[in-house]
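Student: sequence? don't have it. structure:
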């Protein structure tokens with residue numbers, strides 16, 4: 001997934017709320033930027049953090065910048081846009097780059113299923129059971145090189161796990177794919193202390209036959225792409 005316009009470097013002044021931030025460009029200009037992330041962004045939103053913004057000239061948008069990346073130091077990066085994982089995974093699925101799902105040629109995004117949900121991707125292939133794939137964005141790191149999810153309580157995420165389990169019971173294949181938008185992690189685990197309910201839903205889903213896989217990303221100021229599988233310790 002390539003950024004539409006060249007990113008510009010800035011320093012975070014503050015994150016006002018879930019969708020609004022303020023930053024200083026390198027020439028000293030103070031700007032407001034859309035923050036496309038409803039989570040806590042734990043460890044990624046300290047004032048003074050070097051960040052990268054994507055400018056836009058769309059007259060329909062009130063904010064002329066969108067926050068996209070955080071510099072972590074030592075050449076490491078984190079993406080913060082929660083819409084990016086579906087775009088990255090969609091490109092990878094169509095290119096056959098996710099080994100566990102490479103046998104599927106049919107890739108449909110945002111298909112209704114369950115009670116009141118849309119699965120991120122429904123995969124199909126003659127001779128194979130349909131595969132329901134849910135994608136979760138991961139950018140929390142607290143302990144060593146371990147990526148964790150979630151970074152706050154997510155009742156919606158727990159519901160998705162239960163609905164994936166229902167798909168397995170109906171004879172389909174169901175996959176929870178965690179995409180790590182960080183370049184400094186080597187494994188994945190659940191942050192059970194932050195959301196015990198999600199941890200319990202994950203255990204129920206795995207027991208029902210839901211598969212869990214994790215990949216990280218290659219990140220630069222030009223693009224974010226799928227990189228490599230990470231082991232899951234949950």
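Tutor: Cool, got the structure. Given the structure is predicted, the values throughout are model-derived calculations rather than measurements. Numbering: from 1, shown residues only.

Student: contacts and neighbour counts: CA atoms only from here.
Tutor: Will do.

Student: neighbours of the closest residue to residue 157 other than its chain neighbours, just the number please.
Tutor: Closest residue to residue 157 apart from its sequence neighbours, by C-alpha to C-alpha, 6 or more residues apart in numbering: residue 198 at 6.9 Å. When counting by other C-alpha atoms under 10 Å, one arrives at 26 neighbours for residue 198.

Student: pretty sure residue 198 belongs to a strand, no?
Tutor: No. Per DSSP: H, G, I helix; E, B strand; the rest coil, residue 198 lies outside any strand segment and is helix.

Student: need the contact list for it.
Tutor: Neighbour list for residue 198: 153, 154, 155, 157, 158, 192 [criterion: C-alpha atoms under 8 Å, 6 or more residues apart in numbering].

Student: Quick one: low-confidence residue ranges for the protein.
Tutor: Along the chain, no part satisfies pLDDT under 70.

Student: Quick one: distance of the longest helix along the chain to the chain centre.
Tutor: Assignment by DSSP state H gives helix 155-169 as the longest helix of the chain. Helix 155-169 sits 18 Å away from the centroid of its parent chain (C-alpha atoms, centre = their mean, to the nearest Å).

Student: Taking the centroid of this protein, which residue is nearest it?
Tutor: Centroid-nearest residue in the chain: residue 137, 1.9 Å away (criterion: C-alpha atoms, centre = their mean).

Student: The helix or strand where that one lies pairs with which strands, parallel or anti?
Tutor: Applying DSSP states H and E as the criterion places residue 137 in strand 131-138. Here strand 131-138 is paired, per DSSP bridges, with strand 117-124 (antiparallel), strand 173-180 (parallel).

Student: List the buried residues in the helix or strand that that strand is followed by.
Tutor: Going down the chain from strand 131-138, the next helix or strand is strand 140-143, by DSSP H and E. Neighbour-count burial for strand 140-143 flags 140, 141 (criterion: 16 or more other C-alpha atoms under 10 Å).

Student: what's strand 140-143 packed up against?
Tutor: strand 146-149 (3 or more C-alpha pairs under 8 Å, 6 or more residues apart in numbering; DSSP states H and E).

Student: And the strand it packs on, what does it pack against?
Tutor: Using 3+ C-alpha pairs under 8 Å, 6+ apart: strand 146-149 touches strand 131-138, strand 140-143, strand 187-190.

Student: which residues of the chain fall in helices?
Tutor: Secondary structure of the chain (DSSP H): helices at 84-94, 155-169, 196-208.

Student: of all the ones you listed, which lies closest to residue 45?
Tutor: helix 84-94 (18.2 Å; C-alpha to C-alpha).

Student: Check the spacing between the residue nearest to the centre of the chain and residue 88 real quick.
Tutor: Distance, residue 137 to residue 88, using C-alpha to C-alpha, to the nearest Å: 11 Å.

Student: how about the helices and strands packed on strand 146-149, which one is nearest residue 13?
Tutor: Residue 13 lies closest, by C-alpha to C-alpha, to one member of these: strand 140-143, at 20.6 Å.

Student: Quickly run through the sheet partners of the closest one, with directions.
Tutor: Counting by DSSP bridges, strand 140-143 is paired with strand 146-149 (antiparallel).

Student: I am finished for the moment; much appreciated.
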